[in-house]
Each structure stands twice: as structure tokens, then as C-alpha cells.
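A.B. asks: Need the 3D shape of this:
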Amino acid sequence: MPELVVDNSGFGDWRRQMLKNDRQRAIDCRENVYLILRYHPLWAGCVAYDEFAQRVVIRKAPEIDDFEVGHWRAEHDLQLGFWLSQSERMVVKNKDTLGLGVLMAAKRACFHPVREFLDGLVWDQVSRSEDWLTDFLGVKKTPYTMRVARYFLLNMIARVMQPGCIMRSVPVLEGPQNRGKSTALRILADPWFSDTHLNLQSKDSFQSIQGVWLYEISEMESFSRAEVTRVKAFVSSRDDNFRPPYEGRTIQPKRQVVFSGSTNESLYLRDWSGNTRFWPVTTEAEAPINLDGLAAIRDQILAEAAFLHRAGERRHPTRDEEKDLFAPEQEQRAIEHPWQARIDDWLAVGTFERTTVGEVLSDCLKFEASKMLTNHSQDVGRILHRLGWQQKRESEPPRRRYYERPARPKSPPPDPSELPF
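C.D. replies: The predicted model follows:
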């Protein structure tokens, strides 16, 4: 083995810091690759690490053929190796040596493109954050849609400024196919948008969302109940776990992406146990989608959202808003359980003020005791809750659970003009 000679006199002359053999020739090692990429006049400032996409990029193209601004790909390793052999007389035999040297140099020049973009925006002080869904997607203006419009923008900003912050809600754009819903979302987050199919059962799904600010989940009406549950769990995650290129181990970066859904249907929420994470809005209810108008004003919409985020504006609905504004909208899109109408009719004709899950299963649905399953009980309990029956528990042992009938609507007093006397 040749003896390594390390010069520690400083980095004024970077070539003196390169590791050399006893004949003073540069050694094939990642440290020398790093030094060349950091300090060589052709390479200084060329490679950087995109903290948003979690990958190495060419931020400034070196004056060498076949190198352009963009993602650093596997073929760039080979091209770099060839250049080193021709220009520096350093033959790197192992491609991992090249990759690790590139990563070392890039990590010394980290940047975040979305933050840089947002920091460069200047808001013109015209408020649009509550109206952009109405003005450009034709959504009817209501207290609910105004809040969805603003909260979603604020969550977009928060996710890149505070990676890993809580963001559990997914706006869902409803409307006919091929009318511009996806294009509107792309305009909003361009160039950090994606709507490619996302396989949530694959470990690669975490890597697929790196470098994406807004990810569209399309055709929500086609999801099964199990798939909707999986979507809810995935979009609620606050970090990701995967192994990026050049990394020898898995990393767990804080999540920076937000999600939006789209659908052509009016009934699509299948998980009727709870759909609070979906914020549905109907596009083209008031006017056609205006893509050109949205593109023209997009930067100002985001500039205002960034301003509001810095001011500490709330980005999630309050409890009262959830109950009074959001829940009714979600309820309208929920697919009814096949037992609900039958149970509702049975409860309506009953004279009792309380009932149990077991009584509904046996007396209404005619289940035999031996065939009653846990999931049947859960379904009935959720249906009763949806119909307004309140779960309570007896105060005395054995303290069985039961459901109490909601207050019956009072009949209006008779009209005196219609009385027979």
C-alpha cells in the first residue's frame, strides 16, 4: 500500500490538500473527488443538494460537454469519471467512490428551491386567499369554501417552511372530467406538482413524493373503503422513510408535500366512520374554470399565503367550524351504508326511547346471535350515531351501553283558521 500524504496547511491551495501517494499523485478516493468538485475552477458551485427533493443536482452547468442544469443522474458519475481520468489523470475505479465524493460536495451547498421562490415574492396587499376557488375554479362562495381556500394555501406554505407540521386534510375538487381541475392544481404548485399514480403499498411511494409540493390523488370515487383508509393514513404521516440515491442508509425527512383529491362523482366518501380529512368543493358551480386567470395571479395568491403564514394565521378549522361548516359538506358526499335506511325506518316507527346495538342486529336486521360479528356491531353503532342517537351507559352495574333517541321534533300548533269551530 502506498503511504498517504495529507497536507494540513490550509485550503488556500486546494490541490495541496489532495491525498497523494508516495509519488505525489492524486489517490483514487472520495475525498479527492470532493475537493475537485468544490474548488476546481470548472466545478466550483456546480453541484448542490436540493433539500426539498432530497437529491443531488447540477445547479450551475460546468463548461464540459453533456452536463446541463438538472438532476445529477447515474450517467453523470461516468462522465465525471472520464473527465477526471483525462483532465486530472485520476482514474476512479469504483463508481461508489464517485457517488460519495459528489454527495460530499453537494451537501456543502444545500438549498431549498420552494423557500427561495416564496422568499422572493412580494405581496401587492390585495386579498385573494379566500376567493381564489370562486374566482378561478367557479366554486360557489360560502363561509365553508372561503375557509377551505385559505386554509389549504396556508398549509401549502407551512409544509415547506415547517416540514413535518400537521397537515391531515385533503381538499377534493369535484367536477366533470377534462375541464381543468388537475391543470388548476398544477398551475398552483408549478413546477413542483405531480399526479402520477401513487402505489401506497410500495416503499417507493415515500421517495416518489420527494420534490413534490402538491400531489393530486385522482379518481377518488374508485377507491375501496380499505384504500380510503390507507390514503388517510398516508397523507397524515409527518415524515417519510426511504433510502435515496448515494445514501448508504435510510433517511427519515420531515414531510413537505400536501395532497389534493379530484373526482367526477358527487358521492365518493366511503369511510362513513369519519371523513373529516376530506374538504370537498364543487368546481364550475358558478362559472367555468379560468386557468389563464389563475396562472396570471398565482404568484400573488402564494405571496399572500406566505405573508399570512408569517403572521401566524390559523390554518385548520376550529371545532365549531368543523361541526357547522365542514361536517355537513362531508356528509353530503358520503356513500350511505346499505343498512342505514332499514335501521332508520325501524327506529322511526318504534315507540322506545332507547335501544342497543344487539337489539338492532336481532330485531331490525334479523341476525342470529351466533352470526353477530364485531364489525357488525361497529357498523350499527356508527349508523345510530349518524342518525343522531347518543351513546350512553347505565349508571348501575353491569353498566351496559345503549343509545338514546334524539329529541323528536315538536308538531307546530294548529292554525286557528283551520279549526272546525
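A.B. asks: After the one helix or strand Thr229 maps to, which helix or strand is next?
C.D. replies: Counting by DSSP states H and E, the element that carries Thr229 is helix 225-236. Later in the chain than helix 225-236, the nearest helix or strand by DSSP H and E is strand 258-263.
A.B. asks: Which secondary structure elements does that next one sit against?
C.D. replies: helix 143-161, strand 170-174, helix 181-189, strand 214-217 (3 or more Cβ pairs under 8 Å, 6 or more residues apart in numbering; DSSP states H and E). Where you see a C-beta, it was placed from the backbone N, CA and C, and this is true even at glycine.
A.B. asks: Can you name every helix or strand that the second one contacts?
C.D. replies: This points to strand 170-174. If contacts are counted by 3+ Cβ pairs under 8 Å, 6+ apart, strand 170-174 sits against helix 181-189, strand 258-263, strand 278-282.
A.B. asks: tilt between that strand and strand 258-263?
C.D. replies: Calculated by axes from the mean of the first three to the mean of the last three Cα atoms, to 10 degrees, strand 170-174 forms an angle of 30 degrees with strand 258-263.
A.B. asks: ok, strand 170-174: who's next to it in the sheet?
C.D. replies: strand 258-263 (parallel), strand 278-282 (parallel) (DSSP bridges).
A.B. asks: want to try CSV for those strands, with mean pLDDT as columns?
C.D. replies: Formatted as CSV, the strands paired with strand 170-174 follow (pLDDT from 0 to 100):
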stretch, mean pLDDT
strand 258-263, 91
strand 278-282, 94
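A.B. asks: Now render these as JSON lines, adding distance to Trp123.
C.D. replies: Listed next are the strands paired with strand 170-174 as JSON lines, based on distance: least, Cβ to Cβ, whole Å:
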{"stretch": "strand 258-263", "distance to Trp123": "20"}
{"stretch": "strand 278-282", "distance to Trp123": "24"}
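A.B. asks: Would you mind giving those strands as CSV with distance to Gly120 and mean neighbour count added?
C.D. replies: Below are those laid out as CSV (distance: least, Cβ to Cβ, whole Å; neighbours: other Cβ atoms under 10 Å):
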stretch, distance to Gly120, mean neighbour count
strand 258-263, 21, 24
strand 278-282, 29, 23
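A.B. asks: returning to what we had before: tabulate the helices and strands packed on strand 170-174 in TSV, adding columns for distance to Ala105.
C.D. replies: Listed next are the helices and strands packed on strand 170-174 as TSV, based on distance: least, Cβ to Cβ, whole Å:
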stretch	distance to Ala105
helix 181-189	30
strand 258-263	32
strand 278-282	43
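A.B. asks: what angle do the helix or strand bottoming out on mean pLDDT in the chain and strand 170-174 make?
C.D. replies: Lowest mean confidence among the helices and strands of the chain (mean pLDDT, DSSP states H and E): helix 225-236, at a mean of 76. Relative orientation of helix 225-236 versus strand 170-174 (the same axes, to 10 degrees): 130 degrees.
A.B. asks: Which strands or helices does helix 225-236 pack on?
C.D. replies: Contacting helix 225-236 under the criterion 3+ Cβ pairs under 8 Å, 6+ apart is no other helix or strand.
A.B. asks: one step back: of all the helices and strands packed on strand 170-174, which one is nearest Gly175?
C.D. replies: Gly175 lies closest to helix 181-189 among the helices and strands packed on strand 170-174, at 5.6 Å (Cβ to Cβ).
A.B. asks: what's the next secondary structure element after the closest one?
C.D. replies: Next element after helix 181-189 (DSSP H and E): strand 193-194.
A.B. asks: which helices and strands sit right next to that following strand?
C.D. replies: Against strand 193-194 (3+ Cβ pairs under 8 Å, 6+ apart) you get strand 214-217.
A.B. asks: Now do the buried residues in stretch 385-398.
C.D. replies: 386, 389 (16 or more other Cβ atoms under 10 Å).
A.B. asks: in the helix holding Thr229, what counts as buried?
C.D. replies: Buried residues in helix 225-236, defined by neighbour count with 16+ other Cβ under 10 Å: 228, 231-232, 234-235.
A.B. asks: Then stretch 88-106?
C.D. replies: Buried-residue list, stretch 88-106, by 16+ other Cβ under 10 Å: 88, 90, 92, 97-106.
A.B. asks: So Arg150 sits against Leu133, correct?
C.D. replies: No: using Cβ atoms under 8 Å as the test, Arg150 is too far from Leu133 to be in contact (9.5 Å).
A.B. asks: what's the residue nearest the centre of the chain in contact with, if anything?
C.D. replies: The centroid of the chain falls nearest to Val258 when counting by Cα atoms, centre = their mean (2.8 Å). Applying Cβ atoms under 8 Å, 6 or more residues apart in numbering to Val258 gives the contacts 152, 155-156, 159, 167, 213-215.
A.B. asks: try 7 Å
C.D. replies: Val258 sits next to 155-156, 159, 167, 214 when contact means Cβ atoms under 7 Å, 6 or more residues apart in numbering.
A.B. asks: would you list every one of the helices in the stretch 251-400 of the chain?
C.D. replies: Secondary structure of the stretch 251-400 of the chain by DSSP state H, counting those that start in this stretch: the helices cover 291-310, 319-321, 327-333, 340-349, 357-359, 374-386.
A.B. asks: will you turn those helices into CSV that also has mean pLDDT and distance to Thr263?
C.D. replies: As requested, the helices of the stretch 251-400 of the chain are exported to CSV (pLDDT from 0 to 100; distance: least, Cβ to Cβ, whole Å):
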stretch, mean pLDDT, distance to Thr263
helix 291-310, 98, 19
helix 319-321, 95, 23
helix 327-333, 88, 9
helix 340-349, 91, 22
helix 357-359, 92, 33
helix 374-386, 85, 22
